[in-house]
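1. I need the structure of the sequence given here:
(2 chains, ligands or ions: 1)
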Amino acid sequence: MELTVNGEKVQVADGLNLSGLLAAQKVENPDMVSVQVNGEFVEKDQYGSTQLQPGQEVDFLYFMGGGA
Amino acid sequence: MIDFTEEQLERYSRHIILKEVGVEGQSKLLQAKVLIIGAGGLGAPIALYLAAAGVGTIGIVDADVVDLSNLQRQVIHFTADVDRPKVESAANKMRAINPDVNVITHQLFAGAENILDLLAPYDFIVDGTDNFGTKFLVNDACVVAKKPYSHGGILRFTGQMMTILPGETACYRCVFREPPPPNSVPTCSQAGVLGAIAGMLGTMQATETLKFITGAGQLATNSLVSFNALNMDFRKVKLKRQANCPICGDHPVITHLEEAAMPLCDLKAKH
Ligand SMILES: [Zn+2]
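-> Have a look, this model is predicted:
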């Protein structure tokens, strides 16, 4: 199925859940990101049970703690 | 509106000619009070541009002294400033750029016990801090004190910012619920940062500050603006204020300010 991940179209396996997408997109550590699916935040403990649907928009928002 | 001197009309002529700023906007800038937390990579360009723009009162907070390893990106500090307090070094350059500006130095760490007092006299706060403990504290304090503020973060070749109007628009915790577990996200001292990235993001934060004061355009609220300079991709992801946000939501669970304990490597990374 096709998803839009961080603004880009990507092909992923049908039936993939959010945990699987994080792994497929090489987000090594889920603690590094907040995730929105179609503009709604998904709690970290829901990643495994969030089944993705074709056409959904997924955004990874990375923690950036630097500034000095 | 204030009366401009001939010299001020000339100094600020490129602002005054902008229809979004004009003499009214410049007058607002000269009467504005902005607090910059951190006189480092982000604080440096923020302080330089806000001083040049004629922001009338600029407070700057930092406990540290200038270190040789800062000079690769903290462009407000010069080689001769090594070992000088950062706030003194910064204030010196800001006053030299623009004598109209009243610079107030706060040589201390912003912590849970002093942050509300620090914010109180200011209209707008700019986060130029370098660790999650302080970033979350700045957010929580700005929400509690209802101070509009600019969040900024950088790492390696990337940067992110958002502007927060507490009570109206999404806050930092609406997006990033709580500080990540220690060492799950590297700091700049562990992972590095390209010096000019601090300039890119810091000038974006300075721009938001000037827009807030003058009322020009639309602020980067309810969105996270981020870029990756390796391919020069810029993105703006829309967000919403979260009803279940622990600090700005309908039923806040954070009732007193607290700094998350940060691992030693983060504390050492403060400069
Ligand atoms: Zn919030």
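2. can you get me the start-to-end distance on stretch B:112-127?
-> Taking Cα to Cα, to the nearest Å, stretch B:112-127 runs 15 Å from one end to the other.
3. hmm, who's touching it?
-> Contact with stretch B:112-127 is made by A:67, B:32-38, B:42-43, B:46, B:57, B:59, B:61, B:106, B:108, B:110, B:135, B:137-139, B:141-142, B:144-145, B:147-152, B:205-206, B:209, B:212-213, B:256-259, as judged by Cβ atoms under 8 Å, 6 or more residues apart in numbering or on different chains. Every C-beta, even on glycine, is put in place using the N, C-alpha and C of the backbone.
4. and if you look at stretch B:67-83?
-> A:68, B:39-41, B:43-45, B:47-48, B:65-66, B:84, B:86, B:89-90, B:93-94, B:193, B:195-199, B:271.
5. show the buried residues in those residues.
-> Buried by 16 or more other Cβ atoms under 10 Å in any protein chain shown: A:68, B:39-41, B:43-45, B:47-48, B:65-66, B:86, B:89-90, B:93-94, B:193, B:197-199, B:271, out of these.
6. strands of the chain, start to end?
-> You didn't say which chain, so I picked chain A. Along chain A, the stretches classed as strands by DSSP state E are A:2-5, A:8-11, A:33-37, A:40-41, A:57-62.
7. actually it's chain B I care about, not the one you picked
-> Using DSSP E, strands in chain B cover B:33-37, B:57-61, B:102-106, B:124-127, B:149-155, B:158-164, B:223-228, B:233-238.
8. and stretch B:82-89, how far out from the chain middle?
-> 19 Å (Cα atoms, centre = their mean, to the nearest Å).
9. give me the mean pLDDT for it.
-> Averaging pLDDT along stretch B:82-89 gives 98.
10. over to stretch B:165-174?
-> pLDDT averaged over stretch B:165-174 gives 97.
11. and that stretch, how far from the chain's centre?
-> 16 Å.
12. buried ones in it, by neighbour count?
-> B:Leu165, B:Pro166, B:Thr169, B:Ala170, B:Cys171, B:Tyr172, B:Arg173, B:Cys174.
13. kindly reformat those as a markdown table containing distance to chain A.
-> Putting the buried residues of stretch B:165-174 into a markdown table (distance: Cβ to the nearest Cβ, whole Å) gives the following:
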| residue | distance to chain A |
| --- | --- |
| B:Leu165 | 19 |
| B:Pro166 | 19 |
| B:Thr169 | 15 |
| B:Ala170 | 10 |
| B:Cys171 | 13 |
| B:Tyr172 | 10 |
| B:Arg173 | 10 |
| B:Cys174 | 8 |
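14. just these that are near the ion?
-> Restricting the buried residues of stretch B:165-174 to those touching the ion (Cβ under 5 Å from the ion) yields B:Cys171, B:Arg173, B:Cys174.
15. what about the buried residues of stretch B:165-174, which are in helices?
-> Taking DSSP state H, the ones among the buried residues of stretch B:165-174 that sit in helices are B:Tyr172, B:Arg173, B:Cys174.
16. report the two of the buried residues of stretch B:165-174 separated the most.
-> For the buried residues of stretch B:165-174, the maximum inter-member distance is 14.4 Å, found between B:Leu165 and B:Arg173 (Cβ to Cβ).
17. not counting its neighbours along the chain, what's nearest the residue in the stretch 1-150 of chain B that chain A sits nearest to?
-> Relative to chain A, the nearest point of the stretch 1-150 of chain B is B:Gly40 (3.0 Å; Cβ to the nearest Cβ). Leaving aside its chain neighbours, B:Gly40 sits nearest to A:Ala68 (3.0 Å; criterion: Cβ to Cβ, 6 or more residues apart in numbering or on different chains).
18. contact partners for B:Gln205?
-> By Cβ under 8 Å, 6+ apart, the contact list for B:Gln205 reads B:Leu42, B:Ile46, B:Val126, B:Asp127, B:Gly128, B:Ser150, B:Gly152, B:Met161.
19. should've said B:Gly56
-> Counting by Cβ under 8 Å, 6+ apart, B:Gly56 has contacts B:Leu29, B:Leu30, B:Gln31, B:Ala32, B:Lys33, B:Asp100, B:Val101, B:Asn102.
20. so what pairs up with the closest residue to the ion within chain A in the strands?
-> Scanning chain A for the residue nearest the ion gives A:Phe41, at 11.0 Å (criterion: Cβ to the ion). Residues in a beta bridge with A:Phe41, per DSSP bridges, are A:Gln36.
21. quick one on the thing from earlier: format the ones in helices among the buried residues of stretch B:165-174 as a markdown table; extra columns: distance to A:Ser34.
-> Shown next, in a markdown table, are those (distance: Cβ to Cβ, whole Å):
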| residue | distance to A:Ser34 |
| --- | --- |
| B:Tyr172 | 11 |
| B:Arg173 | 10 |
| B:Cys174 | 9 |
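22. cool, thanks, talk later.
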